[in-house]
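[1] Need a 3D model of the following:
(one chain, ligands or ions: 2)
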Amino acid sequence: FEFARKDVNLQEKLPTKLLRDLHSNFILQYERDKNGYHYIMAEHLRVSGIYWCANAMDLTKQLSQMSADEIVQYVLSCRNSDGGYGPAPGHDSHLLHTLCAVQTLIIFDSLQKADSNSICDYVKKLQNEDGSFCGDLSGEVDTRFTLCSLATCHLLGNLSTLNIDTAVNFLLRCYNSDGGFGTRPGSESHAGQVYCCVGALAIAGRLDSISRDRTAEWLAFRQCDSGGLNGRPEKLPDVCYSWWVLASLAILGRLDFIDQSAMKKFIYACQDDETGGFADRPGDCADPFHTVFGIAALSLFGDDSLEQVDPIFCMSKKCLGSKQIEMF
Ligand code: GRG
Ligand code: ZN
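    Ligands and ions are numbered 1, 2, ... in the order given. Next comes the predicted model:
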């Protein structure tokens, strides 16, 4: 009898180095194929998709290959009269897409084309009495929306429009004794939520409120024998957790808590050496979401062929400039 931890096998024929230019071609293809099946399917997350594609092109130093004006005009056309942005023109505003709109405008150096005050007003109205945030008018509360709010207002230079003390109190109520964070108080720890909470605490300048080592240990336990990382115990590894977990460790100053060479091997193995792009796991179908987070994770380890990524905002340090947060 053998105790089997859920994991994947890395076969020998899988890629073992970064196929950078294949990825930028994959993204361009995806972006240009506007009548394609995927593009139509993804309307409900179009602005987020645009941020993933633009960010992947920026991190692979290929941003100049994109039609900047067309993309910026499209993003601006997703703005609603409440000040927020929806996923596509005519769709309701949501914090997830509002942050992605702001990120995309920064990547194309076009933030001056947005109305910062009305965006911050939109975000402010979604904060609740207990400090938490709703993602939109439907009322769903989630620590993801705390990161979206703090990141958006920070990037617009107006963090103080939010109630940061109550926001931090809410985040600390979502801090579990295992060192992780969940979506709401009492929810199970999940690596994606850890990223959101650690990032939000960093923006608030309140990382001293948690035990960095305890959280970093919970994150380090996400590494499987294959080198890949999962999102919680007993789940399969997935390349996007390379980002959620590694970025959290980087924010905590604890990147050395995991085996970096095993991690890189897993990330390389998730590349598709024919179509370009990264899949969630070796052998699966590549998509822009896993592509940008695979590339961003490799950038955190340092790779001269990539732009350096900021672990809180998942954007190049170059495009963030003085918007970067000084952590240590
Ligand atoms: C990138 C700056 C920046 C902000 C984004 C929305 C957001 C802020 C972060 C999302 C963090 C998150 C919750 C990531 C997890 C995404 C994911 C793969 C969810 C799937 O979860 P499960 O539980 O799958 O369905 P598992 O992997 O556990 O099987
Ligand atoms: Zn994933």
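[2] Only C-alpha atoms from now on, for both contacts and neighbour counts.
    OK.
[3] Without its sequence neighbours, what residue ends up closest to the closest residue to ligand 1 within the stretch 101-250 of the chain?
    Going by CA to the nearest ligand atom, ligand 1 is nearest to Gly192 of the stretch 101-250 of the chain, at 3.4 Å. Once flanking residues are discounted, Gly192 sits nearest to Trp244: 5.5 Å by CA to CA, 6 or more residues apart in numbering.
[4] Next: Pro282.
    Nearest one to Pro282, counting by CA to CA, 6+ apart, is Cys270 at 4.3 Å.
[5] Per-residue pLDDT of that neighbour, please?
    At Cys270, the model reports a pLDDT of 98.
[6] circling back: I'd say the residue nearest to Gly192 and Tyr195 touch.
    Yes. Between Trp244 and Tyr195 there is a contact under CA atoms under 8 Å: 5.5 Å.
[7] Tell me where this protein has helices.
    20-32, 37-41, 46-59, 68-76, 95-107, 116-124, 143-155, 164-173, 191-204, 212-220, 239-252, 260-269, 288-300, 317-320 (DSSP state H).
[8] picking that back up, look at the residue nearest to Pro282 and say how many residues are nearby.
    By the criterion of other CA atoms under 10 Å, Cys270 has 28 neighbours.
[9] what do you get for Ala250?
    Neighbour tally, Ala250, other CA under 10 Å: 18.
[10] Distance of it relative to Leu219?
    Ala250 is 11 Å from Leu219, where distance means CA to CA, to the nearest Å.
[11] so where is the chain shaky, pLDDT-wise?
    1-5, 34-41, 328 (pLDDT under 70).
[12] Near ligand 1, which residues of it are found?
    Proximity of the chain to ligand 1, by CA under 6 Å from any ligand atom, involves residues Arg144, Cys148, Gly192, Gln193, Cys196, Gly231, Arg232, Lys235, Phe313, Cys314.
[13] picking up where we left off before, please tell me I have it right and the residue of the stretch 101-250 of the chain closest to ligand 1 contacts Trp243.
    No. The pair Gly192 / Trp243 is not scored as a contact, 9.1 Å apart, by CA under 8 Å.
[14] out of these two, which sits in the more crowded spot?
    Trp243 (27 against 22).
[15] Next, the contact list for the more buried one, please.
    Phe293, Gly294, Ala296, Ala297 (CA atoms under 8 Å, 6 or more residues apart in numbering).
[16] Name the member of those that has the highest neighbour count.
    Ala296 leads the contacts of Trp243 on contacts (other CA under 10 Å) with 30 neighbours.
[17] Look up how far Asn55 lies from that one.
    Ala296 is 9 Å from Asn55, by CA to CA.
[18] Please apply the same query to Arg20.
    Taken as CA to CA, the span from Arg20 to Asn55 is 14 Å.
[19] Likewise for Val72?
    Counting by CA to CA, the gap from Val72 to Asn55 is 14 Å.
[20] surely Glu43 meets Ala88?
    Yes. The pair Glu43 / Ala88 is scored as a contact, 6.4 Å apart, by CA under 8 Å.
[21] Which one of these two is surrounded by more residues?
    A count of neighbours by other CA under 10 Å puts Ala88 above the other of Glu43 and Ala88, at 22 against 15.
[22] OK, contacts around the more buried one?
    By CA under 8 Å, 6+ apart, the neighbours of Ala88 are Glu43, His44, Leu45, Arg46, Val47, Val75, Ser77, Cys78.
[23] Return the member of those residues nearest to Asn176.
    Using CA to CA, Leu45 comes nearest to Asn176 of the contacts of Ala88, at 30.5 Å.
[24] pretty sure the closest one contacts His91?
    No. The pair Leu45 / His91 is not scored as a contact, 10.2 Å apart, by CA under 8 Å.
[25] between these two, what contacts are shared?
    Common contacts of Leu45 and His91 (CA under 8 Å, 6+ apart): none found.
[26] Quick check: nearest residue in space to the residue of the stretch 201-328 of the chain at minimum distance from ligand 1, chain neighbours excluded?
    Relative to ligand 1, the nearest point of the stretch 201-328 of the chain is Phe313 (4.0 Å; CA to the nearest ligand atom). Spatial nearest neighbour of Phe313, excluding adjacent residues (CA to CA, 6+ apart): Ala151 at 7.2 Å.
[27] what about Ser160, neighbour count?
    12.
[28] Would you mind measuring from it to Leu150?
    9 Å.
[29] for the residue nearest to Pro282, what are its contacts?
    Per CA under 8 Å, 6+ apart, neighbours of Cys270: Leu14, Pro15, Val239, Phe278, Ala279, Asp280, Arg281, Pro282, Gly283, Asp284.
[30] What is the burial count for the third one?
    Okay, so that is Val239. 29.
[31] Run a quick neighbour tally on Phe181.
    Neighbours of Phe181 (other CA under 10 Å): 29.
[32] was I right about it contacting Ala200?
    No. Contact status for Phe181 versus Ala200: not in contact, 11.9 Å apart, counting by CA under 8 Å.
[33] quick revisit: ok, Arg20 and Asn55, which is more surrounded?
    Asn55 (26 against 19).
[34] Now that one: closest residue in space that isn't a chain neighbour?
    Nearest to Asn55 is Met315, by CA to CA, 6+ apart, at 6.4 Å.
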